[in-house]
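# how would this look folded up:
(chains A and B)
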2 protein chains.
Amino acid sequence: MAVIVQKYGGTSVGDIERIKNVAKRVIETKNQGNQVVVVVSAMSGETNRLIGMANQVSQTPSGREMDLLLSTGEQVTISLLGLAIQEMGAQSCSFLGSQIKMLTDRVHTKARIRSIDATVIQKSLDIGQVVIIAGFQGVTDEGQITTLGRGGSDTSAVAIAAAIKADLCEIYTDVDGVYTADPHVCDNARKLSQISHEEMLELASLGSKVLQIRSVELAANHNVNLVVRSSFNSNEGTLLSEEEPDMEKIVVSGVALDLSEAKVAIREVPDEPGICMQVFGAIAKANINVDMIIQNTGADGKADLSFTVPMTDLPKSKEIIEALKKKFDFTKTETDTDIAKVSIVGVGMRSHAGVAAKAFSILAENNINIDMISTSEIKISIIVAKSDGKKAMQLLHDGFELYDET
Amino acid sequence: MAVIVQKYGGTSVGDIERIKNVAKRVIETKNQGNQVVVVVSAMSGETNRLIGMANQVSQTPSGREMDLLLSTGEQVTISLLGLAIQEMGAQSCSFLGSQIKMLTDRVHTKARIRSIDATVIQKSLDIGQVVIIAGFQGVTDEGQITTLGRGGSDTSAVAIAAAIKADLCEIYTDVDGVYTADPHVCDNARKLSQISHEEMLELASLGSKVLQIRSVELAANHNVNLVVRSSFNSNEGTLLSEEEPDMEKIVVSGVALDLSEAKVAIREVPDEPGICMQVFGAIAKANINVDMIIQNTGADGKADLSFTVPMTDLPKSKEIIEALKKKFDFTKTETDTDIAKVSIVGVGMRSHAGVAAKAFSILAENNINIDMISTSEIKISIIVAKSDGKKAMQLLHDGFELYDET
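I've put the predicted structure just below:
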């Protein structure tokens, strides 16, 4: 008998019929001899409806009251799913975050989980009930309701799977799994049957919307086996797990395209210690996430410093740089929003030399100019002109033979 | 400085504009130098929306899951009202039933309150916050969410007022207060400035929808001063309080009309001990509330037994009586749905003789036939033909000079 955590997102429980379908799927899993814990999101549209009402009464809503408000979304879903499962003849028990002591810190609207009391869940499973838990929500040690921020229900599901030592955590969503590239962009993208936590982390940070990075990190830290699959069909999904030896033979697992970044460049930075620290210190203080950083020092001792930030943070970044310009006598600063970031991800890169060289040559052969390069152990990111983005992604996808061969 | 509990029902918080109006009124009350606790219901329509969804997934919804579902309604209101009050510059803190330890028994969907932890509320009041509390909901000692059933938010408000020893508990609704008769039926009905708990209990049990009987009982038991008033204007409402000496001079406070009952009559009941017990025992076992009971024994030692039940319980009552008919050899049973109950209520009746006689003569002079009579210390109820109901009520209202003299 396996212990399985299933998480259903907003579209999977988007209306009454879909909630009934989820109930059927849950009961099927239970009838196959498993213990099942179900974690659900708010019905799609519900969270936006609640936020809409809040915006009508307040321009600067307090986090505490927002969390009280938003947490009702999941509370409605667990109640309805519980009723649906019971109506189909199975036993179930629905729990709020507070009722399984999903303790979090006190940072409202983006709280982080500290601990979960597995005994309540275990007791309920032991008497044959399907356990239904409201995702996205927790409670402080003072009894205040908190929410976990974007992708919070995924995080709830993985944390619960870790707490009860589940054999499997299935994330049901509206896509079939993780692909070698965004299937909306690459026609011949292939669904991966397996991917390592590490690769998924890189893909998530590259803007793949399949899983939030927090839940992947949590799964990696607690060795939770995650499966991403669709709630609308029975296709096998993609298994995220610890890296297995036979995964090594796959050099590159996927490519990703990100059009949401902008570049900031500072030319002829005086070669003085501490300038980098001051630049990125000021940027970090403004809560802006810097992605790629490139520094190149010329023969004259002066350096070119370039970095990328989310497009939405560009105005703020510009302001900060302008302020520093006077202080450090930067002669020239530039910004560029006309860029695309193409990335290649794969744990096999570690042991296979020449992946970067191959990527560069593929782009060069096709006259695509490379603006910036940044590499990690299992990822290569390349900045090209925005107009070349899709083409570069498709070329790399095919060049590394990621396409569907069927 | 007074401590005031204000309760706003569903129509008073029915949309965003109305919630903002409630916020204004609350802040005004606070700015007059009071400590304010606000108890709110779900936005009007919300509870029905939730029940509608539940009915779509389940024919026999479990109480536990229903309570989880329904309690979200008040949770949304406290969040939005909290945001509105804060947006207007006042400080507030919103609490769920569970967060003020509104402990109830375990009877889901109609739980009864056991205790409230006043310290949480007091602490928040002491630092200058408006305290906002979700009505209608509580929690068991095991942490399960419960709801209090119909009129639950009134009950919450009164229980909280009792727990924090509030000077006043204002029930805001869509009527101006308690009237000498239903103003939709009697054009010249007068709003009472004051009424005793006892009289209100009788009026509530007679079908006046202004306050649920539970909240009046609770107010009477804990000497809570209740005011019923409208949230849509500034008119003074009706104060319910302990009976004061000067109230004695008012003989009759109000009249009420109830068209929702039906009569069951058993003719020539054998005069044997225990028959009454068996009849009403069987009726009670079926959870049917009997209202008036009249028994009259004739010279032949045979009795006529008549009683009234809610119209909706008549079919079940008939079944029960048919079953007993064989056992006890009742020769004749009858039912009558063509009845109206007219009642006169007033604490002054206790010390003023002749109220009943006056009522009977008013009806007799106007050729209204009396079918049944039942009296208590402060109430006289009279059953007449349904077609005479409104006329009887108006005659009694005017006969006892309850009309508005302005």
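# which stretches of chain A have low pLDDT?
Applying pLDDT under 70 to chain A flags the ranges A:205-208, A:244-250, A:299, A:301, A:405-406.
# Mind telling me which residue of the stretch 251-400 of chain A is nearest chain B?
Relative to chain B, the nearest point of the stretch 251-400 of chain A is A:N287 (23.6 Å; CB to the nearest CB). Every residue, glycine included, has its C-beta placed from N, CA and C.
# burial measure for that residue, as a count.
Neighbour count of A:N287, defined by other CB atoms under 10 Å in any protein chain shown: 8.
# B:L70 versus that one, what's the distance?
Distance from A:N287 to B:L70, counting by CB to CB, to the nearest Å: 40 Å.
# Okay, angle between the longest helix seen in chain A and helix B:63-87 too, please.
In chain A, with assignment by DSSP state H, the single longest helix is helix A:63-87. Using axes from the mean of the first three to the mean of the last three CA atoms, to 10 degrees, the inter-axis angle of helix A:63-87 relative to helix B:63-87 is 160 degrees.
# And chain B, is whichever helix or strand comes after helix A:63-87 touching that?
Using DSSP states H and E, the helix or strand that directly follows helix A:63-87 along the chain is strand A:92-95. Yes: contact check for strand A:92-95 against chain B, using CB under 8 Å from any CB of the partner chain: residues in range are A:93-94.
# Please enumerate the helices of the stretch 1-150 of chain A.
Taking DSSP state H, counting those that start in this stretch to define them, one finds helices in the stretch 1-150 of chain A at A:16-31, A:46-57, A:63-87, A:118-126.
# Packing partners of the first one?
Secondary structure elements in contact with helix A:16-31, counted by 3 or more CB pairs under 8 Å, 6 or more residues apart in numbering or on different chains; DSSP states H and E, are strand A:3-8, strand A:35-40, helix A:63-87, strand A:130-134, helix B:46-57.
# at 6 Å instead, please
strand A:35-40, helix A:63-87 (3 or more CB pairs under 6 Å, 6 or more residues apart in numbering or on different chains; DSSP states H and E).
# Okay, now the sheet partners of the shortest one, with direction.
In the sheet containing strand A:35-40, the strands it pairs with under DSSP bridges are strand A:3-8 (parallel), strand A:130-134 (parallel).
# neighbouring contacts of the first one?
Residues outside strand A:3-8 that contact it (CB atoms under 6 Å, 6 or more residues apart in numbering or on different chains) are A:22, A:34-40, A:157, A:160-161, A:166-172, A:231.
# okay, the angle between it and helix A:16-31?
Using the same axes, to 10 degrees: strand A:3-8 against helix A:16-31 is 170 degrees.
# and the residue of chain A positioned farthest from its centre, helix, strand or coil?
Centroid-distance maximum for chain A: A:D300 at 42.5 Å, with CA atoms, centre = their mean. Three-state call for A:D300 (DSSP: H, G, I helix; E, B strand; the rest coil): coil.
# Then A:V264?
Going by three-state DSSP: A:V264 is strand.
# what's it in contact with, if anything?
Applying CB under 6 Å, 6+ apart to A:V264 gives the contacts A:307, A:317, A:335.
# quick one: which of the residues you listed sit in helices?
Short answer: those in helices (DSSP H) are A:S317.
# Is it possible to mark the buried ones in the contacts of A:V264?
A:307, A:317 (16 or more other CB atoms under 10 Å in any protein chain shown).
# Name the nearest of the contacts of A:V264 relative to A:I378.
Among these, A:F307 lies closest to A:I378 (CB to CB), at 21.3 Å.
# Buried subset of the contacts of strand A:3-8, written for PyMOL?
Command for PyMOL, covering only those of the contacts of strand A:3-8 found buried under the criterion 16+ other CB under 10 Å:
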select buried, chain A and resi 22+34+35+36+37+38+39+40+157+160+161+166+168+169+170+171+172+231
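# if we can go back for a sec, tell me the one of the contacts of A:V264 nearest B:S115?
Among the contacts of A:V264, and counting by CB to CB, the member closest to B:S115 is A:S317, at 56.1 Å.
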